[in-house]
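>>> Coordinates only, no sequence provided:
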Ligand code: BG6
């Protein structure tokens with residue numbers, strides 16, 4: 001059954017930071033591709049008129065480094081309206097209803113603090129605006145399993161699950177979606193994608209910058225909840241899931257959820273936390289804070305496919321580089337004929353998925369070292385997606401476009417969100433020590449023990465570890 005397209009896009013929090021940084025540039029790019037054909041209505045507390053919203057959108061697009069084409073901008077802002085109001089007041093929703101006119105299938109995008117999700121959704125319902133609507137919300141979806149369940153239960157009193165679109169912007173990234181095509185669009189990899197051939201999987205999400213101006217937000221959250229529970233877990237699911245029956249949203253989601261359900265409770269011994277030097281001086285960070293700006297963990301997936309294959313995850317702020325890479329490391333060959341005398345080269349194949357700005361895939365293989373003897377040397381077969389495949393949509397461009405057309409494939413479901421919280425439940429309460437690490441390093445050395453038996457952490461392409 002084809003979903004009906006939305007007939008108006010309503011941005012709650014239209015004057016906010018996310019709208020400026022992500023939403024307007026993404027909507028402009030959609031409009032440029034003629035994929036945005038509905039009016040935009042902005043709602044916020046700001047004392048604005050429609051002209052102010054247009055100006056804000058224009059500046060946001062320009063600040064994102066995009067040249068604003070007058071025709072495209074006119075198309076994007078045709079029918080644009082601004083509704084000023086307090087989200088707790090019924091009057092705001094009456095004004096919104098009037099602004100929506102005859103629209104029957106609004107897409108409400110709640111770019112607002114999560115504490116307001118329920119208030120806004122319930123007020124939309126009271127105003128009679130929910131039937132036929134879709135609602136997009138942004139993480140965090142709760143702060144542990146119980147709060148995620150409570151939020152879901154509360155929202156699902158007034159919405160059906162298929163009306164609720166939970167954004168995890170990692171799923172909007174082309175190289176993340178490529179994991180599915182790579183695995184299930186080729187015959188070459190799936191036969192070896194299991195415990196017989198894979199030794200371990202590592203995912204590194206490194207960021208060279210600190211928490212900057214997000215001190216008070218970040219200090220209450222920390223690395224595990226900020227990016228592991230959501231972005232990195234979604235990547236694990238795509239790497240570890242079974243082949244789906246079809247590429248429908250339902251079948252894909254079913255398989256992803258099974259991965260979370262198969263995760264063994266994480267042993268706190270397999271969880272290492274770190275904090276970069278100088279973090280405590282960031283504005284908004286509490287004195288003596290023990291919040292982790294780095295964490296590393298080992299996940300075990302109890303399934304026929306993955307029994308005995310650890311998945312190692314690490315992420316951190318203020319590290320040596322900004323790079324997100326998932327590495328599938330294969331077992332070595334049964335005999336090592338080609339080691340140079342005295343130099344044991346790890347003869348393992350590694351498939352490296354670069355999921356960040358230099359998106360692409362590399363495959364480390366052994367080739368003959370030129371010259372005397374018969375010795376091997378590691379070389380990398382590399383594909384750079386932007387060179388090979390051209391320009392990609394921005395994550396929010398893809399996700400907002402999908403929400404407007406009613407395609408839920410790349411959104412997190414209720415069961416996925418709860419599954420990821422359940423998987424990390426055992427380490428949420430463990431505040432343990434946050435080991436100090438130097439800015440520009442790859443995190444605290446205490447994390448090295450997790451991967452020691454597997455030859456250590458694999459540095460993302462081009463990252464030199466100090
Ligand atoms: C966000 C986190 O969800 O993802 C940030 O809150 C993080 O702390 C960001 O920096 C990373 O996203 P990306 O797309 O830049 O890798």
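Looks like it came in fine. All values reported here derive from a predicted model rather than from experimental measurement. Residues are numbered from 1 along each chain as shown.
>>> Please make it C-alpha for all contacts and neighbour counts, starting now.
Fine.
>>> Excluding covalently adjacent residues, which one is nearest to the residue most central in space within the chain?
The structure's the chain has its C-alpha centroid closest to residue 170; by Cα atoms, centre = their mean the separation is 2.6 Å. Spatial nearest neighbour of residue 170, excluding adjacent residues (Cα to Cα, 6 or more residues apart in numbering): residue 231 at 5.5 Å.
>>> next one: residue 415
Counting by Cα to Cα, 6+ apart, residue 415 lies nearest to residue 257, which is 6.6 Å off, once chain neighbours are set aside.
>>> Wasn't the one you found part of a strand?
No. Residue 257 is assigned helix when assessed by DSSP: H, G, I helix; E, B strand; the rest coil, not a strand.
>>> how about it, what does it touch?
Neighbouring residues of residue 257 by Cα atoms under 8 Å, 6 or more residues apart in numbering: 237, 415-416, 419.
>>> which one in this structure is furthest away from the centre?
residue 372 (48.2 Å).
>>> Helix, strand, or coil at it?
Per three-state DSSP, residue 372 ends up coil.
>>> Can you list phi and psi of it for me?
Dihedral angles of residue 372 (phi, psi; degrees, to the nearest 10) stand at phi -60, psi 160.
>>> how far away is it from residue 57?
64 Å (Cα to Cα, to the nearest Å).
>>> What of residue 399?
Distance of residue 399 to residue 57, computed by Cα to Cα: 19 Å.
>>> Can you pull the poorly scored residue ranges out of this structure?
Applying pLDDT under 70 to the chain flags residues 1-2, 430-431, 465-466.
>>> hang on, the earlier thing: and the buried ones among the contacts of residue 257, selectable in ChimeraX?
Burial among those is assessed by 16 or more other Cα atoms under 10 Å; the matching ChimeraX selection reads:
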select :237,415,416,419
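>>> Spatially, which two of the contacts of residue 257 are the most separated?
237 and 415 (12.9 Å; Cα to Cα).
>>> roughly how far apart are the residue nearest to residue 415 and residue 407?
Noted for residue 257: a distance of 18 Å to residue 407, by Cα to Cα.
>>> Quick one: distance of the host helix or strand of residue 83 to the chain centre.
Using DSSP states H and E, residue 83 maps to strand 81-84. For strand 81-84, the distance from its own C-alpha centre to the chain's C-alpha centre is 30 Å (Cα atoms, centre = their mean, to the nearest Å).
>>> And for stretch 146-156?
Stretch 146-156 sits 21 Å away from the centroid of its parent chain (Cα atoms, centre = their mean).
>>> ok, and what's touching it?
Counting by Cα under 8 Å, 6+ apart, 118, 121, 141-142, 414, 417-418, 421 sit against stretch 146-156.
>>> Recalculate using a threshold of 6 Å.
For stretch 146-156, the surrounding residues in contact (Cα atoms under 6 Å, 6 or more residues apart in numbering) are 141-142.
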